[in-house]
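[1] what's the 3D shape of this:
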Amino acid sequence: GMRRKRRGAKPPQKAAWVHDSYTRRGRLLLAAGDAAAARADALAAIRLCPRAADGWSLLADAAESEGEAAAAAAEVEWLQ
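    Just a heads-up that it's a prediction; the model follows:
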């Protein structure tokens with residue numbers, strides 16, 4: 001049967017460097033004050049590997065930075 005992947009799984013090896021590039025650049029963009037661009041990178045990372053926590057964490061932080069506390073809370077709840 002098909003094994004279920006748990007939350008927090010690592011991205012597939014072939015996509016890992018792309019996923020990491022999106023999340024790292026997203027963190028830099030967020031630190032520079034560009035939450036919208038950070039959110040776009042988070043979503044790109046999530047599309048590559050929806051089970052990896054890094055993309056969801058970035059999405060939550062970007063939402064919180066944009067003043068969307070409810071959206072950020074929903075993303076953090078998913079991570080737990």
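[2] for the rest of this, base every contact and every neighbour count on C-alpha atoms.
    Will do.
[3] where does the prediction get shaky in the chain?
    1-9, 72, 75-76, 78-80 (pLDDT under 70).
[4] if we go by neighbour counts, what in the helix or strand hosting residue 56 is buried?
    Assigned by DSSP states H and E, residue 56 falls within helix 53-65. Within helix 53-65, the residues that count as buried by 16 or more other C-alpha atoms under 10 Å are 53-65.
[5] now distance to residue 45 too, for the residues you listed, in JSON lines please.
    Below are these laid out as JSON lines (distance: C-alpha to C-alpha, whole Å):
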{"residue": "53", "distance to residue 45": "10"}
{"residue": "54", "distance to residue 45": "8"}
{"residue": "55", "distance to residue 45": "5"}
{"residue": "56", "distance to residue 45": "9"}
{"residue": "57", "distance to residue 45": "11"}
{"residue": "58", "distance to residue 45": "9"}
{"residue": "59", "distance to residue 45": "10"}
{"residue": "60", "distance to residue 45": "13"}
{"residue": "61", "distance to residue 45": "14"}
{"residue": "62", "distance to residue 45": "13"}
{"residue": "63", "distance to residue 45": "15"}
{"residue": "64", "distance to residue 45": "18"}
{"residue": "65", "distance to residue 45": "18"}
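[6] what residue lies at the spatial centre of this protein?
    Nearest residue to the geometric centre of the chain (C-alpha atoms, centre = their mean): residue 55, 1.3 Å.
[7] list the contacts for residue 41?
    Contact criterion C-alpha atoms under 8 Å, 6 or more residues apart in numbering gives 22, 23, 25, 26 as the residues in contact with residue 41.
[8] surely residue 43 touches residue 62?
    No - checked against C-alpha atoms under 8 Å, the pair residue 43 and residue 62 is beyond contact range at 10.6 Å.
[9] ok, which stretches of this structure are strands?
    Per DSSP state E, the chain carries no strands over any range.
[10] where do the helices sit along this structure?
    Applying DSSP state H to the chain gives helices spanning 13-31, 35-48, 53-65, 69-79.
[11] perfect, that will be all.
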